[in-house]
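Colleague: return atomic coordinates for the entry below.
(chains A and B)
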Amino acid sequence: MSSVEILRFAVRALLANRLRSLLTMLGIIIGIAAVIILTALGNGASAFITNQITGLGANSITVAPRAASGTAGASAGASSRPLSPADATALSDPQGAPDIAYVAPVVQTSATIAAGANSETDPVIGSTPDYFPGSNTTVASGRAYDLADVDGNRPVVTLGSTVATDLFGSGNAVGRTVLLNGSPFQVIGVLQSKGQGGGFSNADSNVLAPLSTVQSALTGFGNLSQIVVGARSTAVQNAAESEIYSILDRRHGITDPNDRDYQLISSAQIAQVLNSTLSTLSLLLAGIAGISLLVGGIGITNIMLVSVTERTREIGIRKALGAPPSAILAQFLVESVILSALAGLIGVGIGIGLTFIPLPGGFRAIVVPTAVVIAVVVSVGIGVFFGGYPARRASRLRPIEALRRE
Amino acid sequence: MGPEAVRVEAPGDEARRTMTSAPGKGSEAPVLDVRRLSKVYGEGDTAVHALRDVDLVVERGEFVAVVGQSGSGKSTLLNILGCLDAPTSGRYLLDGLDVADLDERQQSVLRNRQIGFIFQSFNLIPRTTAFANVELPMVYAGVSRRHRRERTEAALDLVGLADRADHRPNELSGGQQQRVAVARALVTRPALLLADEPTGNLDSASTRDVLELFDGLHATGRTIVLITHEEAVAARADRTVVVTDGRLGEQKVVPR
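Modeller: Presented below is the predicted three-dimensional model:
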């Protein structure tokens, strides 16, 4: 008996019970579609977050002060030292820190910024030109401040896109003058908008100016708010981090790594934490989808058992006409595999189709190709596994007993 | 459809050996050779002896009617002759081949090639056309599609239903369904036709049609074993065998 004939019998039997076949398939269709959609959502969310975080600046590590942990008495002690310009200088040492490309000391404050009748209070960040790559900031119009501006202590600023719009409307801000806490500054550039970073402060409302200018006009020449450090490449990011630790631990007299008075924040680190959370979540969702597949599979077993019972007499007739056990087994097995494989394909189609629905928040579901392959393989597997028992039962029926059944 | 040599293929080496070692027989072996066949259902005190030490030989081309009251064991006998059921003891040679030596797969091949069944309740496969029903045994025999078509058409033509090939069983009368079943039983050119009360569910006109079909088949040299409780049906056979309480009684030869 050829495989074409087996296929013909199976298709004929399935078509004879169209509604039942369809309802049986529904369980698998929903399960497979759920697997595809949920993995695609997880994948899309992961890509979205990674994209947002690399917006912080690739290969850059931010050093920020941290209140030393431990008891209140200990943290109140003089052992806690803020970041100083000397710390930044020490990190720039190519001997002690060969994997560090640049060091940008940062002072941050907030100030009233005014132009004409408009005024608002915004964060003001003073740093060196390396801050721009370090924070993944680019200039939309005009120019960024350069080393000559920093060295010359020039009163120049670049405005975040929101600040520029607030102060000057849709007009050109470059070349205009703003007052920072009353001191006049010339606007030399407007920054490219970064959009609302996923839960982080809005970089578009920042005002960027040369370190020396901000220090002399606003903060004074004291401690640093942050030090932004750039690793030479992503590959040496970890090496750069340990160099920072060893230099700053020595300078700050830290012996216990758990008791540091500063911390390192890198985009890679954040991305890693978020992604691991996300992949746990994805796994959970895939697990739920997997349960629905299991339920669908049991549905197939149930229907195939009903089908075998209902067609016991037919099986008896076929056996009387000379159908070998293998032909009966193959017929029922192929029926369940067709059911589940077809349902799997429909499920994949629906799942992929649904990922094209636009989602709020600007992120979109991205189909995971391996999930599609696994879904199809699993659905065929479900047919074999869950259809196998009823099929074997059918093939083992004694012809005379099968024929006696009404 | 003339009487041609029946192809015996797959029933395995062991089976073939049994066949060739049957002493001095070959193609002249009786189609059926049953010796001291017994069938017991259940065990101990509740055991029911459906058949007790039955001996029966049916030669090639014979038309034998098995009669008896219901519960006499005649259906059990037919089921065993058709390899649908296994005897408790005794020997059964089909075309010189000991059926007990065959495994389940070989028995299915034997049923397919050597035996054509006709049941009282027709037993056509529901929701399946007359053509597909007749074609079915040849599908299991591995006959090519083209040959299947030819032989199915010839068989349906023989029973006078060539124009009903596309009808499903529920679109056919009882007599027509039984004629489809006869076509299906014939189409593999089996050595033996087994009919279990083939006219039991038919009206008199259909009964006549089907019985004429049997007469025609008998005339072309088919071997037929038929169960019935109707005298008129049994009268058409060469020989009548009476089964009473599981024992084979008188065997009367009907003079022709």
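
Colleague: just give me the neighbour total for B:Val67.
Modeller: For B:Val67, the neighbour count with other C-beta atoms under 10 Å in any protein chain shown is 21. Bear in mind the C-beta positions are built from the backbone N, C-alpha and C, glycine included.

Colleague: please look at it and B:Val242 and confirm they touch.
Modeller: Yes - using C-beta atoms under 8 Å, B:Val67 is in contact with B:Val242, at 5.4 Å.

Colleague: which non-adjacent residue is nearest whichever residue of chain B sits closest to chain A?
Modeller: Using C-beta to the nearest C-beta, the closest approach of chain B to chain A is made by B:Asn112 at 2.2 Å. Of all residues not flanking B:Asn112 in the chain, A:Gly322 sits nearest, at 2.2 Å (C-beta to C-beta, 6 or more residues apart in numbering or on different chains).

Colleague: does that neighbour touch B:Tyr140 like I think?
Modeller: Yes - using C-beta under 8 Å, A:Gly322 is in contact with B:Tyr140, at 4.8 Å.

Colleague: please identify which of these two sits among more neighbours.
Modeller: A:Gly322 (29 against 22).

Colleague: and the more buried one, how far is that from B:Gly82?
Modeller: Counting by C-beta to C-beta, to the nearest Å, the gap from A:Gly322 to B:Gly82 is 11 Å.

Colleague: what do these two both touch?
Modeller: By C-beta atoms under 8 Å, 6 or more residues apart in numbering or on different chains, A:Gly322 and B:Gly82 have these common neighbours: B:Arg111.

Colleague: where exactly do the helices run in chain A?
Modeller: With DSSP state H as the criterion, chain A has helices at A:3-16, A:18-54, A:72-75, A:85-91, A:131-134, A:147-151, A:161-168, A:211-214, A:237-252, A:267-310, A:312-320, A:325-354, A:369-396, A:399-404.

Colleague: got the end-to-end distance for stretch A:314-325?
Modeller: Chord length of stretch A:314-325, first to last residue, is 14 Å (C-alpha to C-alpha, to the nearest Å).

Colleague: check which residues of it are buried.
Modeller: Across stretch A:314-325, burial judged by 16 or more other C-beta atoms under 10 Å in any protein chain shown covers A:Glu314, A:Ile315, A:Gly316, A:Ile317, A:Arg318, A:Lys319, A:Ala320, A:Leu321, A:Gly322, A:Ala323, A:Pro324, A:Pro325.

Colleague: what secondary structure does B:Met138 sit in?
Modeller: The three-state label given to B:Met138 by DSSP: H, G, I helix; E, B strand; the rest coil is helix.

Colleague: now swap in B:Val242 and tell me
Modeller: B:Val242 is classified as strand under three-state DSSP.

Colleague: and for it, the neighbour number?
Modeller: Other residues within reach of B:Val242, judged by other C-beta under 10 Å, total 18.

Colleague: same check, this time on the one 10 residues further on
Modeller: B:Lys252 is surrounded by 13 other residues when neighbours are defined as other C-beta under 10 Å.

Colleague: also A:Ser92?
Modeller: A:Ser92: 16 surrounding residues under other C-beta under 10 Å.

Colleague: per-residue pLDDT, it?
Modeller: Per-residue pLDDT puts A:Ser92 at 87.

Colleague: doesn't A:Pro98 make contact with it?
Modeller: No - the criterion here is C-beta under 8 Å, and A:Ser92 misses it with A:Pro98 at 11.6 Å.

Colleague: return the alpha-carbon coordinates of stretch B:164-182 using PDB.
Modeller: Provided in PDB are the C-alpha atoms of stretch B:164-182 (Å, rounded to 0.1, in the frame of the first residue of the first chain):
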ATOM      1  CA  ARG B 164     -23.700   3.500  -9.600                       C
ATOM      2  CA  ALA B 165     -20.000   3.700  -9.200                       C
ATOM      3  CA  ASP B 166     -20.100   7.300  -7.800                       C
ATOM      4  CA  HIS B 167     -22.900   6.500  -5.300                       C
ATOM      5  CA  ARG B 168     -22.300   6.300  -1.600                       C
ATOM      6  CA  PRO B 169     -23.700   3.400   0.400                       C
ATOM      7  CA  ASN B 170     -26.500   5.500   1.800                       C
ATOM      8  CA  GLU B 171     -27.600   6.400  -1.700                       C
ATOM      9  CA  LEU B 172     -28.000   2.700  -2.700                       C
ATOM     10  CA  SER B 173     -30.700   0.200  -1.900                       C
ATOM     11  CA  GLY B 174     -29.900  -2.800   0.200                       C
ATOM     12  CA  GLY B 175     -29.800  -5.100  -2.800                       C
ATOM     13  CA  GLN B 176     -27.500  -2.700  -4.600                       C
ATOM     14  CA  GLN B 177     -25.300  -2.400  -1.500                       C
ATOM     15  CA  GLN B 178     -25.000  -6.200  -1.300                       C
ATOM     16  CA  ARG B 179     -24.100  -6.300  -5.000                       C
ATOM     17  CA  VAL B 180     -21.300  -3.800  -4.400                       C
ATOM     18  CA  ALA B 181     -20.100  -6.000  -1.600                       C
ATOM     19  CA  VAL B 182     -20.100  -9.000  -4.000                       C
END
